[in-house]
Each structure stands twice: as C-alpha cells, then as structure tokens.
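**Student:** Predicted model, plus sequence, below.
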Amino acid sequence: MEQTRYYATGKRKSAVARIWIYPGQGNITVNGRPFDEFFDVDTARIIAEQPFELTNTRGKFDVLVTVRGGGKNGQCEAIRHGIARALQSVDESYRIPLKKAGLLTRDARVKERKKYGLAGARKRYQYSKR
C-alpha cells in the first residue's frame, strides 16, 4: 500500500515549518489560513511554491503547513525547504532538480549574536582620542 500523506520539516533562520503534502488540487493552508491570505506579498508566494515549479507538480498536491518563529521571509523560505523535502519523499526522481536548485540544503545563516563591549555583533562604538 502506497503512503498517501508525506511529512517533512523545513527550517530557515529561526523559522520552523512542519509540512504535510498529499494528492489533491493544489490547495495550500498555512496555520489554518489560506496561502494567499497568510502571504500577502507575491514574492513570498513565488518563493514558497518554487519546488512545485521545478518538479512540474503544481496543482497535484494539497499542502498543510504549520509554521512558527522568524519573520515572513524566513517563514516562506522554511516552507520552501519543507515542501522540497516532502516532494523528495514522494518520488526520489524529484531529488535531482531540487538538489540542483539548492532547495534541499538547509540555509544555515542565522543572526550573529551581539558581543559585549560592542554596539552590535561587529559594529564598534565610536573611538574618541580626547
């Protein structure tokens, strides 16, 4: 018996997205809200749907997303990462285009912590000679 529901976790910055995909009409629900309502900016929607474009599976899967932490940009990229990983578990042949586009790699860049004696992570206070 073939599995009908696939789960994956996507991460970016401090955002964590839990993704469930299953065969359907292409409906995406994020935190119980429609996809278009949750991401009001077109670029965020395009970024999140990128894995479907690369694998020619737009409209073939319904997606249920729970996302926490970070801002809207980090969340949409975490969703992209999770969808890519879930699609890979659906069909192993999707791995090649997703890997080539770099969507399966976790982007490890996070905000650098502030250091003591400095204004920020690297910015220093202005030097005063006198």
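**Tutor:** Perfect, I can see it now.
**Student:** ok, Lys114 to Val41 distance?
**Tutor:** From Lys114 across to Val41, the span is 29 Å (Cβ to Cβ, to the nearest Å). The way it works is simple: take the backbone N, C-alpha and C, and place the C-beta from them, glycine included.
**Student:** cool, and Gly26?
**Tutor:** Relative to Val41, and taking Cβ to Cβ, Gly26 is found at 20 Å.
**Student:** ok, now which ones touch Cys76?
**Tutor:** Contact analysis of Cys76 by Cβ atoms under 8 Å, 6 or more residues apart in numbering lists Phe39, Ala44, Arg45, Ile47, Ala48.
**Student:** Of those, which belong to helices?
**Tutor:** Members of the contacts of Cys76 lying in helices (criterion: DSSP state H): Ala44, Arg45, Ile47, Ala48.
**Student:** Going through the residues you listed, which ones are buried?
**Tutor:** Buried by 16 or more other Cβ atoms under 10 Å: Ala44, Arg45, Ala48, out of the ones in helices among the contacts of Cys76.
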